[in-house]
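Undergrad: The following block contains a protein sequence and its predicted model.
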Amino acid sequence: MTERAQSASDGPEPGGGGAAAAGTAIDAGAELDPVHPVRPPAPRFKPAGLTTAEVAERVARGAVNDVPVRSSRSTADIVRANVFTRFNAIIGVLWVVMFFVAPIQDSLFGFVIIANTGIGIIQEMRAKKTLDSLAVIGEAKPSVRRDGRTAEISTSEIVLDDVIELGPGDKVVVDGLVGEADGLEIDESLLTGEADPVLKKPGDPVMSGSFVVAGGGAFTATKVGREAYAAQLAEEASRFTLVHSELRSGISTILKYVTWMMVPTSIGLIISQLIVKDNNLKDAIARTVGGIVPMIPEGLVLLTSVAFAIGVIRLGRKQCLVQELPAIEGLARVDVVCLDKTGTLTEGGMDVTECRPLGGADAAYVKKVLGALGESDPRPNASLQAIIDAYPDSAEWRCTESLPFSSARKYSGASFSEGDGENNTWLLGAPDVLLPAGDPALEEINDLNEQGLRVLLLGRATRELDDPAVATGVRPTALVVLEQRLRPDAADTLRYFEDQDVKAKVISGDNAVSVGAVAGKLGLPGAENTVDARTLPTDQEEMAGVLDENAVFGRVTPQQKRDMVAALQSRGHTVAMTGDGVNDVLALKDADIGVSMGSGSEATRAVAQIVLLNNSFSTLPSVVAEGRRVIGNITRVATLFLTKTVYSVLLAVLVVCSQVEYPFLPRHLTLLSTLTIGVPAFFLALAPNKERAKPHFVKRVMRYAIPGGVIAAVACFVTYVLARHYYSGPDALKAETSAATLALFLTSMWVLAIIARPYTWWRVGLVGAMGGAFLIVLVTPWLQEFFQLKLEGAVMPWAAVGIAAAAAALIEFTFRWVDRRFPA
C-alpha cells in the first residue's frame, strides 16, 4: 500500500511545536482580516476532535449551530400571512357590519373568506411538511471528528470547537481555523467576489459559505450559528420567501391600484346611498357593502398561494426539493437550459475500458503507477475512482507530495519514492491540456473522443509538483480510456425541451470532441458542431453570439460557465443551469434557476433553488411543466378576478353619478362571484398548462380585464336603467335587481368562456355546470327567495339576454383586437 508522507501541510503534530506555529498564523490572520475577527485566544487544534463531555458542555451553554431553516416558514408565519391581510381586514369589518343590518344571506361573503383563508393555510402547511421532510433528506451532513472517530452529523448539531473535515465539493458550514491542509483550495467568491481559489494552510481562517474546490483538510469551528459570517449575510435572504417574483410583485402592484380606486369610490357610494335611501338606513348600508365587497380581488392572492403550494406538493412527490418557491415560476419562463454533461446527461460512475501504454512503456508498471495515484488521493473524483476499482494499489511506494484534481487545472498528480531509490512525479489529466498542440498522441486520442469515450493521459513530469509550470514538458506514458454511462432518460428529456422550444446547451469541462459525441448519441441538435471553450471570445456580446449559434461546448472552466450564463442573460434569455459538481457552483448561483442533483456536492446543493433528490434528470420536464402550470393558470384566473374588480368599481361610479340605488345586495354578487369566478378559477388554476410563461404579467392581465370589466359594467347598468323605467310598484327594485343580475351573469359567463379556452371536455363541462347552477337558482322557489332573484314578466328578462349577447359579442371582438394590437 502507498504510504503518505507527513508534511508541514498536513497540520501540526498533536502536542508538538506545530500548535504554537499555528497560533502565530492565527494571530496574523486576525490582524489582516478585520471583517472576520478571530476570538482570542486561538483554539488549539485537536486532531481527535472534542470528547462527548466537551460536546455536552457546549450544548448546555448554547454554543450550538442554531441557524434558521432555509426551506420553509414557521406555522405562525403561515397563519399570519393568510389571516392578517389588508383585504381580510376590510372584508372582516364589512362582515361584522352586515350581521347587524341584514339577513345572514347577505353575510355569505364572510364565510367565503374564512373558507379561502382555511384552504390557503391547509395547503401551505402541506407544502411546509413536504419541504421540511425533503430538506432533511437533502441536508448537507458534515463529517465531524468526536472522540477520535469521524461521523456525519446534521449541520445544526455542530458545536463550538468541533473539528470538521473538508473534501472537494464540501461547503464550509461554520467559520473556523484550518488545522490540517492537504492541497486545500477554497473558493470564497460567493462571499468576497474573488474569483481565484485560495490555498489554505494550517492557521488560516475559513468562512462559512465558501466551498472546497480541491484538496482536503480539517478545521476547528470558531463561530457557529448566527455569529458565522455567511449566516449574518444570508439569514434574511435564505428564509422561505414568496414575494421575489414577477407574479407576486405584479399582483401586489395591482392590489395597490385597486386599493387606491376603492377608497374614493367607496366613500362616494356610501354618501350617495345614504342620500338616495334616506328613509331606510339598513338597506342603504347593505347595498353600499354590496358595492364595496366585489371590488376586492380577495381570491387572487389565495389562489396564487395555493397554486404555489400544490406545485411544491406535486414536485415533492417526485423527490424534487424546491428551496425557493419563486423558482417554480422562474422555471415557467426558462428558454435556455444549460446542462453539465457529467452527472446530468451521464451517470456519476465510469468504467475503465482500456489502458493503452505509449512509447513502449511497460503495461504492468503503468498499472502500478495508476494504483499508487489512486491511493494518494483520499477523496477521489469519479474518474479516479474508476481507476482505483480497475487497478488496486499493490506497490509499496511512498507518496511524498500530492496535487489534488481541480476543474480549473484539469489534472492531478503525485510524487513517489518508488522504493528502489527512484523518485518520480506523475500527472493524470486532460491530454489536450498536458500535451502541446500537434503531439502525435492527440490524434489517437481524438479517435477515442469521437466515440464518446473519456480519455486521461498519464504522464511523467520533468518538474517538481509545486512548480506552477509542472504540466510543461510532460512525457506521455499511457492513455486511460473511460466509458461514461449515459442516463437512460437523457434522450427523452432533451427531446422534451426541443418540443417545448427550450434550447438545451451542453456545457462541460471534458474534451470537446468527447462531449459532442455523447450529445450526438442523445440526439441533441447541433451536437456535430462542438465548440472548444478555449477558443471562445472574452467579450460578452461576442460570446453571446457564439452561444446562440451553437449547442455543445467542451473544455469549459468554472469561471467560463459563469460568464456563459451571464452572456445568455445579456441577450434576454431566462437561463436554467443544472449541475452536480463543485465546478458548477458559480454558474448555478448566477443562473435564473439553479438545479442540482441530490448526489451533487454540498456546495452545489446549497446554492441551487431546486434539488433533484432522486438524481433523475427525467424529473426536470415535470419541474418545468409544474412551473408553466402555475404561472400560466394564475395569469388566466387573474383576468377573471380583475374583470370583476373593474366592473364593480365602474358600476359604483355610474351609480354615484346617476344618484340611483345600488342594484345589488351582497348576496347577489356572492352568487355571481362564486359561479363566474371562484369555483371555475379554482379548477382552472390547477389544470395542466404547457405554454411557456411570458413577461409583463400586469400588462397581460389588464389588457383583457379593463375592456372586459368596462363592457360588463355598461351592459349591467344599461339593463338596470331600462328595468327602472319598465317596472313600478313596491317590488320593482327586486325585479330590477334580478334583470341586472341576469345581464351581468351572462356577460361574465362569456368572459369565463373565453378564459377557459382551448376547450376540453372538462372545461366545457365546468362552464356548463356554472350556467346550470345559476338556472337552478332562477327556477327554485326557495332559492329565489333566499337570493331575492325572481325574473318578472318576459320583456325585461329577454331584453337583459339581448343586451348580454351584444356585450358578449363586443367582448369577443375587443379581446381579439387587443391580441392583435397589444401582443404580449
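TA: Received the coordinates, thanks. These figures come from a predicted structure and were not determined experimentally.

Undergrad: show me where the stretch 301-450 of the chain has strands.
TA: Assigned by DSSP state E, counting those that start in this stretch, the stretch 301-450 of the chain shows strands spanning 320-322, 336-339, 346-357, 398-403, 411-417, 423-429.

Undergrad: what does the fourth one contact?
TA: Residues from elsewhere that reach strand 398-403 (C-beta atoms under 8 Å, 6 or more residues apart in numbering): 2-5, 7, 182-183, 372, 375-377, 411-417, 419, 423, 425, 427, 465-466, 470. In this view, the C-beta of every residue, glycine as well, is placed from N, C-alpha and C.

Undergrad: Would you format the strands of the stretch 301-450 of the chain as TSV with mean neighbour count and mean pLDDT included?
TA: Output for the strands of the stretch 301-450 of the chain, formatted as TSV (neighbours: other C-beta atoms under 10 Å; pLDDT from 0 to 100):
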stretch	mean neighbour count	mean pLDDT
strand 320-322	25	82
strand 336-339	25	91
strand 346-357	17	82
strand 398-403	20	85
strand 411-417	23	89
strand 423-429	20	90
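
Undergrad: will you turn those strands into TSV that also has distance to Val112?
TA: Output for the strands of the stretch 301-450 of the chain, formatted as TSV (distance: least, C-beta to C-beta, whole Å):
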stretch	distance to Val112
strand 320-322	29
strand 336-339	41
strand 346-357	51
strand 398-403	68
strand 411-417	65
strand 423-429	66
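
Undergrad: who wins for proximity to Gly709 among the ones you listed?
TA: Closest approach to Gly709 among those is made by strand 320-322 (34.5 Å; C-beta to C-beta).

Undergrad: Name every strand pairing with the closest one and say which way it goes.
TA: strand 610-612 (antiparallel) (DSSP bridges).

Undergrad: for the partner strand, what is the average pLDDT?
TA: In this model, strand 610-612 has a mean pLDDT of 86.

Undergrad: one step back: looking at the strands of the stretch 301-450 of the chain, which is nearest to Gln559?
TA: Gln559 sits nearest to strand 336-339 of all the strands of the stretch 301-450 of the chain, at 14.6 Å, using C-beta to C-beta.

Undergrad: tell me what that closest one is packed against?
TA: If contacts are counted by 3 or more C-beta pairs under 8 Å, 6 or more residues apart in numbering; DSSP states H and E, strand 336-339 sits against strand 503-507, helix 558-570, strand 575-579.

Undergrad: which ones are touching Phe786?
TA: Gln105, Arg667.

Undergrad: just to revisit the earlier point, of the helices and strands packed on strand 336-339, which stretch is the most buried?
TA: Neighbour counts (mean count of other C-beta atoms under 10 Å) averaged over each of the helices and strands packed on strand 336-339 peak at strand 575-579, with a mean of 29.

Undergrad: Which helix or strand lies directly C-terminal to that one?
TA: helix 585-590 (DSSP states H and E).

Undergrad: Next SSE downstream of that next one?
TA: strand 593-597.

Undergrad: Which elements pack onto whichever helix or strand comes after that following strand?
TA: As assigned by DSSP H and E, the chain's next helix or strand after strand 593-597 is helix 602-607. With contacts taken as 3+ C-beta pairs under 8 Å, 6+ apart, helix 602-607 sits against strand 211-223, helix 585-590, strand 593-597.

Undergrad: so which of those gets nearest Trp95?
TA: strand 593-597 (41.2 Å).

Undergrad: May I see the buried residues of that closest one?
TA: Ile593, Gly594, Val595, Ser596, Met597 (16 or more other C-beta atoms under 10 Å).

Undergrad: Only alpha carbons, please: show it as PDB.
TA: This file holds the C-alpha atoms of strand 593-597, laid out as PDB (Å, rounded to 0.1, in the frame of the first residue of the first chain):
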ATOM      1  CA  ILE A 593     -32.700  28.900 -11.900                       C
ATOM      2  CA  GLY A 594     -30.100  26.600 -10.400                       C
ATOM      3  CA  VAL A 595     -30.900  22.900 -10.400                       C
ATOM      4  CA  SER A 596     -28.700  20.400  -8.600                       C
ATOM      5  CA  MET A 597     -28.700  16.600  -8.300                       C
END
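
Undergrad: That strand: partners in the sheet, and parallel or antiparallel?
TA: Strand 593-597 is paired, per DSSP bridges, with strand 575-579 (parallel), strand 610-612 (parallel).

Undergrad: Let me have those in JSON lines, extended by distance to His696.
TA: Below are these laid out as JSON lines (distance: least, C-beta to C-beta, whole Å):
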{"stretch": "strand 575-579", "distance to His696": "19"}
{"stretch": "strand 610-612", "distance to His696": "25"}
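
Undergrad: Of those strands, which is nearest Trp782?
TA: Of all the strands paired with strand 593-597, strand 610-612 comes closest under C-beta to C-beta, at 52.2 Å.

Undergrad: Buried residues, that closest one. List them.
TA: Result for strand 610-612 [16+ other C-beta under 10 Å]: buried residues Ile610, Val611, Leu612.

Undergrad: Now the residue nearest the centre of the chain. Nearest residue, chain neighbours left out?
TA: Residue closest to the average C-alpha location in the chain (C-alpha atoms, centre = their mean): Ala327, at 2.8 Å. Distance criterion C-beta to C-beta, 6 or more residues apart in numbering; nearest residue to Ala327, sequence neighbours excluded, is Gln609 at 3.7 Å.
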